[in-house]
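Asker: Could you look at this predicted model? Sequence included:
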Amino acid sequence: MEKILNYTNRSDDLVLSGENPELKINILEEEDNTFFNAEIKILEDKYPKDCKIFIQPYTTAGYVGKPVDYGTVGVPSNQKILEPNGNKNELKFRFKIIENTSNKIKKVLCFIDNIQPYGSKNLLTFGEKEQDSIFILRIMPNEVPEMIFKKGLGLKSDIKNSHFLKGILFTSALREILQKYIIETEKFEECKIRDDYIKKFEKLTKQKFPKKDENESEEIEDWINLAIDEFSNEKKKKNKSLVGWMPKSSVELEKKLTYRK
């Protein structure tokens, strides 16, 4: 069995954003299947060209996929990989460059974790774990807010398939996230995710993001209500709004819970 040495002098400074990224991992959703592929253009002389590249998918819910062989630094692969255990809202990736040698112990020359799919600006992710509460909302600086469901209830799968549940839970979570970003300004002062929220909802509402020291509580509440209204009616998948996906009152409750239009 081969052993991999976590080399202390490795270089983990690949460019992941901008106009000419060295690594782009794309999520492709075709019909009901999720695929990923990588565009790899590592600058010359950073690593030996015969070094092996591996990409490993995983989710915050606990799924960890097998590392996928993505060719070499000199000749990277462009293969499209089916990933049945996650979707664009859940998947993250680990990237490794490992020296190509006949030695039993191989050095890791580059390791990057927690890679988001290219261009990803998820507002909210979903996960599962053992806990007492049915669900909790985890909001931390520089992390995409995550709604974590009690494991074993099937709620994560239900919310993926039910527009009724998605509409109720998603808008409720967004309200709490916006309140936290407004009230706890100091905690999230350097949070890039909060910056994404500000840009997103200023564009939707056409109003400035409220500040707790400059706006009255009633003004903040009115702005949050407007933000949720505009988000609910924004055109999304298949050119429909979140409200447009919701079932009408004539649909029986039993069918609402798994309603897919």
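Answerer: Cool, the structure landed.
Asker: Neighbours of Lys150, how many?
Answerer: 17 (other C-beta atoms under 10 Å). Glycine gets a C-beta too; all of them are placed from N, C-alpha and C.
Asker: my bad, Arg10
Answerer: Using other C-beta under 10 Å, Arg10 has 16 other residues around it.
Asker: Can you verify my assumption that it contacts Ile98?
Answerer: No - using C-beta atoms under 8 Å, Arg10 is not in contact with Ile98, being 10.1 Å away.
Asker: overlap in contacts of the two?
Answerer: Common neighbours of Arg10 and Ile98, counting by C-beta atoms under 8 Å, 6 or more residues apart in numbering, are Lys107, Val108, Leu109.
Asker: In helices, which of these fall?
Answerer: Within these, no residue falls in helices by DSSP state H.
Asker: For Lys187, state which of those is nearest.
Answerer: For these, the residue nearest Lys187 by C-beta to C-beta is Val108; the value is 34.5 Å.
Asker: So the closest one is in contact with Ser11, correct?
Answerer: No - the criterion here is C-beta under 8 Å, and Val108 misses it with Ser11 at 10.6 Å.
Asker: Which one of these two is surrounded by more residues?
Answerer: Neighbour count, other C-beta under 10 Å: between Val108 and Ser11, Val108 has more, with 18 against 12.
Asker: Can you give me the distance of that one to Ile228?
Answerer: Applying C-beta to C-beta, to the nearest Å, the value for Val108 to Ile228 is 45 Å.
Asker: Give me the sheet partners of the helix or strand harbouring Leu137 and which way each runs.
Answerer: For Leu137, the element it lies in under DSSP states H and E is strand 135-138. When sheet partners are counted by DSSP bridges, strand 135-138 sits next to strand 146-150 (antiparallel).
Asker: How far off centre is the partner strand?
Answerer: With C-alpha atoms, centre = their mean, to the nearest Å as the basis, the distance from the averaged C-alpha position of strand 146-150 to the chain average is 14 Å.
Asker: Buried residues of the helix or strand following it, list them for me.
Answerer: Toward the C-terminal end, the helix or strand that comes next after strand 146-150 (DSSP H and E) is helix 155-161. For helix 155-161, burial by neighbour count (16 or more other C-beta atoms under 10 Å) applies to Leu155, Lys156, Asp158, Ile159.
Asker: for the stretch 151-261 of the chain, which spans come out with low pLDDT?
Answerer: 160-161, 235-241, 245, 247, 249, 251, 253-261 (pLDDT under 70).
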